[in-house]
Structures are given as C-alpha cells and as structure tokens.
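Chemist: this one's structure only:
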C-alpha cells in the first residue's frame, strides 16, 4: 500500500512539474518531471510484484489474496489471480498505462517542443485517477484481522488459459487507446493547424487495435471452452462492451487511410479517437457498475458510479475541446476521394450504435417503462448480419477500387476467379441446406479471398500487405 501512495505522490509531482515547465519554460524542471514519472512507474511495478509475491507465498492476511487464491492453486493461476477481481484488474490496468506513459516519454519523436511533457500530463492524470481508486475506493492491499489458514480459491471457470491471456490483452488494447487520445488532445490544445498529431496516432491505433482484437478472440475461445454456450459469442453485455471500441477503432483505422487533403479527415479522426477512448471507459463502467446482468461482470458499487462520472467528464471535455478548436480540424480540400472507406466506417458506426442500443435496452425500458425487457441474440443477429454482409462486400471490392484507371481495362479478367470462387462457395453452402444469409456470407468471403490474392503475393508495400492479411483474416 505504501508503494501505491508513493506512486500517487510521484505522479502528482510529475503533473505539477510538467505544467510549471511548460508555463515557466524552465528545462531544469523538465528533468525532474520526467524523473518523478519514472519513479511513479517504479512504485506501481513494485506494488504489482508485491501482490504477486503475496499470492505465491499464500499470504492470506491480504483480503484480496484470501478471496482469489488457495494453497493448492497451481502457480500459473496464482499469478493470473492478480487480475481475477476488481482491485487487481485495476492494478494491472494502471501498471500497463504507467509503463506505456514511461515508454512514450522516452521516445525521441516526442522530445521536440516538450511534447513528451504535454502527453505525460494527460496520461499521468488518467493514471492518478486509477491510483486514487486503488487507494480509497477499492483498496487492493486491504488486511484481514482474522487470518484464515486457506483462501477461498479461484472460481473454476477462471482456472483456464483464457484467464491467463484474455484480460492482459484486453487491458493492453484499452490502455493503448490512451496514447492517440493524448496526442489528439495535445494537438488541439496547442493549436496544431497542420494536423501533425494525425500522422503520430496511426501506429498507436494499430497497436491498440491489435491487442484489443487478440483480447476479444481469446475471450471468445475462453467462453467456448468454459461456459458451454455452444458458441464463442452470446451478445452478452460485457462481451459487447469490448466490441464497441473495436468497431469505432476499426472505423478510425480506415479513416486514417484517407488522403491528407480530405476535408473531413481531421474531424472524423478526432471524433473517432475521442469516441473510442470514451467507449473503453464505458466498457469499464458496464463491467463494474452492476447496471446490467452478465456472467462476466463484477459486483456493482461505488466504482461503477465513479467511472460513470469519469465518462461524463471525458465526453464533456472532448466535445468542448473539439468545438472550441474546430478551426484546427478544418482542412481545405475535397471529399470526392475515399468514398468506400467512409461508407465502410459509417456502416461500422451504425453497427456500433445498434448493438449499443440493444445492450442498453433493459436499462431504457427499466427507466421509462418501469419493467426490464432484455433483447435476446436474435435481435443482434438480425441487426448485425445484413450490415456485416455489406461490409464483407466492401472488403471484397477494396482491391478493385484502388486500381488505377489504366488497369481497369483488365477488370473483367481480374474478376473472373473471384466471381467463380464466390459462386462455388455459395452453391456448396446452399447444398448443405443453409439459409440465404449463410450462402451470401460464404459467397462474399470467397469472392473477397479471390480479389485479395494478387495483393497477397504481390503487395505494393509492407503496410498494404498488412491490410490484406487483416482483410483475409
């Protein structure tokens, strides 16, 4: 607990000294701001390692260890028990964010004009919030008066490799979106009319999207193995909560591919960055507030109310900043290029809005009708399947849209193989007495596979090859 107090004080000092450095332009303070930031990371690492050691030593004097471990628990699950409960998962999250903050502040590309200090202020503020929660709202090192000989043990469903990999991957994704948010906020606050921050956010969006995707996939596999649903996705509220930022960040990745002169690129990008980060906080609120029933959710309490307040504050700040700095989001250009990217992004946002509505429908009916109505999986399937079929089609034609006008003369020959593959896949699916949606889905998937083959073997660049692999996946 002392380590967390020292981490909180160090984080606060890093914020204060960074602010003073930027106002007074005293470089001597900048070094101390950076050092206190590093000290904060050190103490958070120390606190995390201390809790892991407590698990390994069966120190049941700590309430958190007593609730989530036992003497006969395998070592691997004693380590993963760190993030089995509310407090430990928050500690893991702040550990990742703190390490990410330290990494960002050490990178050479952010040294110019004290950019690393500006980014540090935003990121340290978020870390400080989590430290305050761990110290005063849900203490992770709470001691027991009567020390039991053995702990309660770990829920059998949590004794799985899914528990080992899924939460850390998900938190890496959630934490990763803090960097693009900080870059966008600093860019607008400093009046960056050149949109330099736009070029800096893409690697971090890719980083966060990659880990969020891996977290969702491993979570689906975990559910398939442990929960006996007969599937990997049940449209559970907590599952959907991680799906929201995935949809908006996928749209963001495509918007970032628009040409620099596209008139709406900066507006779209800032909106999606702010929305994605807000949705990571919203996901945490859903998981920890108890507002919706879920097999994944933690018990409700004060923590959910705190995250709701943070969500409202974040949304208000993002909207106010965007409106007040709208001149920095304007670009002189046209909107005639990149129509397919924009349409695809709009479809992803429509899907996000629909799933969000369906997820919150019990809350809406409870508030306005006095009784709770829960929408089952059929609603989400009816909503998502048509939209995903259109997205599949757009993904399939993406390589053809990028063709130059001179290359489109050979378009019929280029289309021959993809069309044949699509028809064959649809016909085979139909022969298995599948429905129309399945025939269309497999037909469009096979068609898209065919259109991407040439780019797979003869990519225009390494970045382009990565996009092809993602589409094929």
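Modeler: Thanks, I have it. Owing to the predicted nature of the structure, the values given are computational and were not obtained by experimental measurement. Numbering: from 1, shown residues only.
Chemist: Can you show me the helices along the stretch 151-300 of the chain?
Modeler: Ranges of helices in the stretch 151-300 of the chain, per DSSP state H, counting those that start in this stretch, are 161-176, 178-189, 196-226, 237-255, 265-289.
Chemist: so can I have CSV of the ones you listed showing mean neighbour count and distance to residue 93?
Modeler: All C-beta spots, glycine's among them, are computed from the backbone N, C-alpha and C. Shown next, in CSV, are the helices of the stretch 151-300 of the chain (neighbours: other CB atoms under 10 Å; distance: least, CB to CB, whole Å):
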stretch, mean neighbour count, distance to residue 93
helix 161-176, 22, 5
helix 178-189, 24, 10
helix 196-226, 19, 12
helix 237-255, 23, 14
helix 265-289, 24, 8
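Chemist: quick one: residue 434 is in a strand?
Modeler: No: assigned with DSSP: H, G, I helix; E, B strand; the rest coil, residue 434 falls outside any strand and is coil.
Chemist: Count the residues that sit near it.
Modeler: Residues contacting residue 434 under the criterion other CB atoms under 10 Å number 14.
Chemist: Give me the pLDDT value at it.
Modeler: Residue 434 is assigned a predicted lDDT (pLDDT) of 87.
Chemist: Quick check: phi and psi on it?
Modeler: Note on residue 434: backbone dihedrals following degrees, to the nearest 10 are phi -90, psi 170.
Chemist: cool, residue 143 as well?
Modeler: Torsion angles, degrees, to the nearest 10, at residue 143: phi -100, psi 150.
Chemist: mind listing what the closest residue to it other than its chain neighbours touches?
Modeler: Excluding its sequence neighbours, the residue lying closest to residue 143 (CB to CB, 6 or more residues apart in numbering) is residue 61, at 5.8 Å. Applying CB atoms under 8 Å, 6 or more residues apart in numbering, we find residue 61 in contact with 143, 144, 147.
Chemist: what do you get for residue 417?
Modeler: Here residue 417 is in contact with 450, 453 (CB under 8 Å, 6+ apart).
Chemist: again with residue 73
Modeler: Counting by CB under 8 Å, 6+ apart, residue 73 has contacts 81, 151, 153, 154, 159.
Chemist: Could you rerun that using 6 Å?
Modeler: residue 154 (CB atoms under 6 Å, 6 or more residues apart in numbering).
Chemist: Surely it is within a strand?
Modeler: No: looking at residue 73 with three-state DSSP, it is coil, so not inside a strand.
Chemist: what about it, distance to residue 50?
Modeler: According to CB to CB, to the nearest Å, residue 73 stands 18 Å off from residue 50.
Chemist: give the contact list for the spatially most central residue of the chain.
Modeler: Residue closest to the mean C-alpha point of the chain, counted by CA atoms, centre = their mean, is residue 174 at 3.8 Å. Counting by CB under 6 Å, 6+ apart, residue 174 touches residue 280.
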